[in-house]
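A.B. asks: sequence? don't have it. structure:
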């Protein structure tokens, strides 16, 4: 049985399909107004669970920083998370009209295609902050 699930890449929803034993990787990097940022994702399906490794790195006015980790999701939990839940906030939020339109458009897409995402379990993570390390935090 294949593993099929959705991930968000650059604000767009992408559906991945992995066969048992198959891996897929994705990365992106580029300049920011204060330095650079990069993201890398690696997925592997062993036939019963999907494993994800991620790395987010960058540099800004506070120096280098990054977060790294491993996650796992059983095949049976690949559709357990409803990403539209984040739109269910009862607390009103100030936002621009374009941001509100984009949120409604995304919510419509999520509902129309019944997008459900993996319920990832953390299998270990760490973070690095150059400036905080220099200050012994």
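C.D. replies: Arrived safely. Since this is a predicted model, take the numbers as computed values, not measurements.
A.B. asks: all strands for the protein, in order.
C.D. replies: 3-9, 12-18, 23-31, 36-45, 49-60, 63-74, 121-129 (DSSP state E).
A.B. asks: could you dump those to TSV with mean pLDDT?
C.D. replies: Formatted as TSV, these follow (pLDDT from 0 to 100):
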stretch	mean pLDDT
strand 3-9	88
strand 12-18	89
strand 23-31	94
strand 36-45	96
strand 49-60	95
strand 63-74	95
strand 121-129	93
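A.B. asks: make CSV from those and add mean neighbour count and distance to residue 112 to it.
C.D. replies: Every residue, glycine included, has its C-beta placed from N, CA and C. Output for the strands of the chain, formatted as CSV (neighbours: other Cβ atoms under 10 Å; distance: least, Cβ to Cβ, whole Å):
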stretch, mean neighbour count, distance to residue 112
strand 3-9, 17, 13
strand 12-18, 13, 11
strand 23-31, 11, 24
strand 36-45, 17, 25
strand 49-60, 17, 24
strand 63-74, 16, 24
strand 121-129, 11, 28
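A.B. asks: closest one to residue 105 among those strands?
C.D. replies: strand 12-18 (11.2 Å; Cβ to Cβ).
A.B. asks: ok, and what's touching the closest one?
C.D. replies: 2-8, 24, 43-45, 50, 109-110, 113, 115 (Cβ atoms under 8 Å, 6 or more residues apart in numbering).
A.B. asks: and if you look at stretch 106-122?
C.D. replies: Against stretch 106-122 from outside (Cβ under 8 Å, 6+ apart): 5-7, 13, 50, 52, 69-73, 77-84, 87.
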